[in-house]
Every structure is written in structure tokens, then in C-alpha cells.
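Trainee: need a structure here:
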Amino acid sequence: MTPEEVLARLDAPLSLRRRVGYLALAFTALTASALIGLLWATEPGLPMRTNVAFAVLVAIGLCWAAFGGWAVTRRTPLFARDRVVAGWLGVGAWLAFSVGALVITLVRHQFEPWLLGVVLVLGVVAAVHLRAARRARAALLLRRNALAGPATGDE
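Mentor: Here you go, the predicted structure:
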């Protein structure tokens with residue numbers, strides 16, 4: 001494959017398969033947020049921590065839906081930017097879950113060892129995915145810049 005062919009493949013927008021996947025993600029996240037919102041709206045007298053948990057879950061779902069919509073509407077090559085954004089969303093969701101778990105644990109004055117394990121495992125998974133996404137993006141940008149020459153900068 002010639003450098004021009006490789007550069008043309010790198011400059012291609014998202015494939016149909018990826019677009020359909022991101023569209024499915026957006027609709028699934030919107031549906032989940034709507035169902036959680038409906039459950040939240042139809043249950044009067046919930047404790048404050050349950051209201052906060054529902055609000056956080058709806059917000060996380062809306063963030064993923066917005067991400068899916070953003071990825072589908074991009075007409076330019078993303079060079080794995082979508083993976084980096086998804087990685088940061090995963091870290092943000094993990095952080096929200098971790099803070100919520102910590103607050104509930106402190107309020108209840110009960111330490112749950114299994115909860116610490118879940119928080120740690122989810123944190124490691126989120127961090128590993130973010131690192132892999134950032135490395136993939138860096139490799140693609142490095143390859144693009146090497147093929148295109150010094151005139152093309154980072155996006």
C-alpha cells in the first residue's frame with residue numbers, strides 16, 4: 001500500500017458500522033435515561049440519596065446519548081478522538097459512582113468490602129480504556145503526520 005493510499009484511509013470518516021453502533025448507543029442511552037426518569041417521576045417520597053442516584057444515572061445516560069450523537073454527526077476523520085472522549089466519559093461515570101458510594105458509605109457508617117472491590121475494578125477498567133484510546137489516537141496522529149509531512153498539525 002502506498003503512502004497516499006494509507007493517508008486516504010486515515011482521512012476517511014467513520015464507517016457505516018461505527019455510525020450504526022454510535023446511533024444504537026445514543027438511542028439506548030436516551031431510552032435508559034427516559035425509563036429511569038419515568039421511574040423517578042412516578043415514585044413519590046423517595047429518600048434524598050435515591051433522588052441523587054436517579055439524577056446521576058439520568059445525567060450519565062444523557063452524556064452517553066450526547067456522545068453518540070456527536071460521533072454520528074462528525075463528517076471529518078476522528079483519528080480515535082471518539083475513543084478518547086468515550087474513555088473520559090467512562091472515567092467521569094466511574095468518578096460519579098465512586099463519590100456516590102463513598103458518601104452513602106459515610107452516611108450509613110457501614111463499610112462494605114465488596115463495594116471497594118467494585119469501585120477499584122471499575123476504576124482500573126476505565127483507566128485502561130482511556131489509556132488505550134489516548135495511545136491509539138497518538139499513534140494515528142503520528143502516522144498521519146509522518147505520511148502527510150510537517151504541514152499537517154494536530155486537530
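Trainee: residues in contact with stretch 59-66: which ones?
Mentor: 25-27, 29-30, 32-33, 36, 89, 92-93, 96 (C-beta atoms under 8 Å, 6 or more residues apart in numbering). Placement of C-beta: from N, CA and C, glycine included.
Trainee: show me the helices in the chain, by range?
Mentor: With DSSP state H, the ranges of helices along the chain come out as 3-10, 16-42, 48-73, 81-108, 113-148.
Trainee: can you add mean pLDDT and mean neighbour count and give the ones you listed back as TSV?
Mentor: Shown next, in TSV, are the helices of the chain (pLDDT from 0 to 100; neighbours: other C-beta atoms under 10 Å):
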stretch	mean pLDDT	mean neighbour count
helix 3-10	64	12
helix 16-42	94	14
helix 48-73	91	16
helix 81-108	88	16
helix 113-148	89	14
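Trainee: gap between Trp64 and Val58?
Mentor: For Trp64, the distance to Val58 equals 11 Å [C-beta to C-beta, to the nearest Å].
Trainee: swap in Ala126?
Mentor: Noted for Ala126: a distance of 20 Å to Val58, by C-beta to C-beta.
Trainee: ok, now Ala96?
Mentor: The gap separating Ala96 from Val58 is 12 Å, by C-beta to C-beta.
Trainee: who touches both of the two?
Mentor: Contacts common to Ala96 and Val58, judged by C-beta under 8 Å, 6+ apart, are absent.
Trainee: about what we covered before: what's the closest of the contacts of stretch 59-66 to Pro113?
Mentor: Minimum distance to Pro113 across the contacts of stretch 59-66 is 21.4 Å, recorded for Ala96 (C-beta to C-beta).
Trainee: got the contact list for the closest one?
Mentor: Residues near Ala96 by C-beta under 8 Å, 6+ apart: 56, 59-60.
Trainee: so for this protein, the centremost residue is which one?
Mentor: A centroid search over the chain (C-alpha atoms, centre = their mean) returns Ala86, at 2.8 Å, as the residue closest to the centre.
Trainee: surely it touches Ala132?
Mentor: No. In this structure, Ala86 sits apart from Ala132 without contact. The criterion is C-beta atoms under 8 Å, and the distance is 10.8 Å.
Trainee: could you measure from the spatially closest residue to Gly37 that is not a sequence neighbour over to Leu35?
Mentor: Distance criterion C-beta to C-beta, 6 or more residues apart in numbering; nearest residue to Gly37, sequence neighbours excluded, is Val58 at 5.3 Å. Summarising the geometry, the distance separating Val58 from Leu35, computed by C-beta to C-beta, is 10 Å.
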